[in-house]
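> fold the following.
(chains A and B)
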Amino acid sequence: ETGVTQSPTHLIKTRGQQVTLRCSSQSGHNTVSWYQQALGQGPQFIFQYYREEENGRGNFPPRFSGLQFPNYSSELNVNALELDDSALYLCASSLGGQGSNQPQHFGDGTRLSIL
Amino acid sequence: AQSVSQHNHHVILSEAASLELGCNYSYGGTVNLFWYVQYPGQHLQLLLKYFSGDPLVKGIKGFEAEFIKSKFSFNLRKPSVQWSDTAEYFCAVNALNFGNEKLTFGTGTRLTIIP
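Numbering: from 1, shown residues only, chains lettered A, B, ... in the order given. Okay, here's the model as predicted:
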């Protein structure tokens, strides 16, 4: 079974630029969640996609946006990058739906550095 | 909104010592509870989970956790730690009334085992 894969592994951008991060969910999973993990902190929920629809959003501004594709892979887009966006971005997939009670499986993350 | 507190930021133990890491959450409704572990250079991995039933749950590698609803706690325990348990440990909660699988994480506890 293939796990959650994220690309790229590392990325360096400058303030004001835009970035797209990609995630392939684990086989059989239909739900993808994105998290931001700043240094020394726990992951913070950005948003979740279930069957191509946004299904919950954390306390992040609209310049953080996402997509989920029919094969359940996902993208996280961040516009107008700021220095505080420097973090590890984690993707997690699960088999979702009401009462599914399935845990999330995490990828290795994308380390984003803003100069 | 739910929150998770992990009071131990860095714990240092000798091999064979017993371990207990604290986790408290704030949310009055029904929750699913998780412990994730992040070994150096690796992705977050599920250690154990509580959904319902027996409040004492057993996970991988000899870890267990007890859900005490009256104390809003879900402490992680291991009777005898090994050097290979050196890692960062994260407690997480999913509040079931929001219709999604958003995980709220604590800030993590770094565990260092001295051989």
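> contacting residues for B:Arg110?
Shown here is B:Arg110, whose contacts under the criterion Cβ atoms under 8 Å, 6 or more residues apart in numbering or on different chains are B:9-11, B:87-89. For the C-beta atoms, the positions are set from N, CA and C on the backbone; glycine is no exception.
> what's the answer for B:Ser5, then?
Taking Cβ under 8 Å, 6+ apart, we find B:Ser5 in contact with B:22-26, B:106.
> and those residues, which of them are in helices?
Nothing among the contacts of B:Ser5 maps onto helices, per DSSP state H.
> farthest pair within those residues?
Checking these against each other with Cβ to Cβ, the farthest-apart pair comes out as B:Gly22 and B:Ser26, at 13.9 Å.
> among the two, which residue is more densely surrounded?
Set side by side, B:Gly22 and B:Ser26 show more neighbours around B:Gly22, with 16 against 12, by other Cβ atoms under 10 Å in any protein chain shown.
> helix/strand/coil for the residue nearest to that one when sequence neighbours are not counted?
For B:Gly22, the nearest residue in space outside its immediate sequence neighbours is B:His7; the separation is 4.9 Å by Cβ to Cβ, 6 or more residues apart in numbering or on different chains. When the structure is split into helix, strand and coil by DSSP: H, G, I helix; E, B strand; the rest coil, B:His7 lands in coil.
> need phi/psi at B:His7.
Dihedral angles of B:His7 (phi, psi; degrees, to the nearest 10) stand at phi -80, psi -20.
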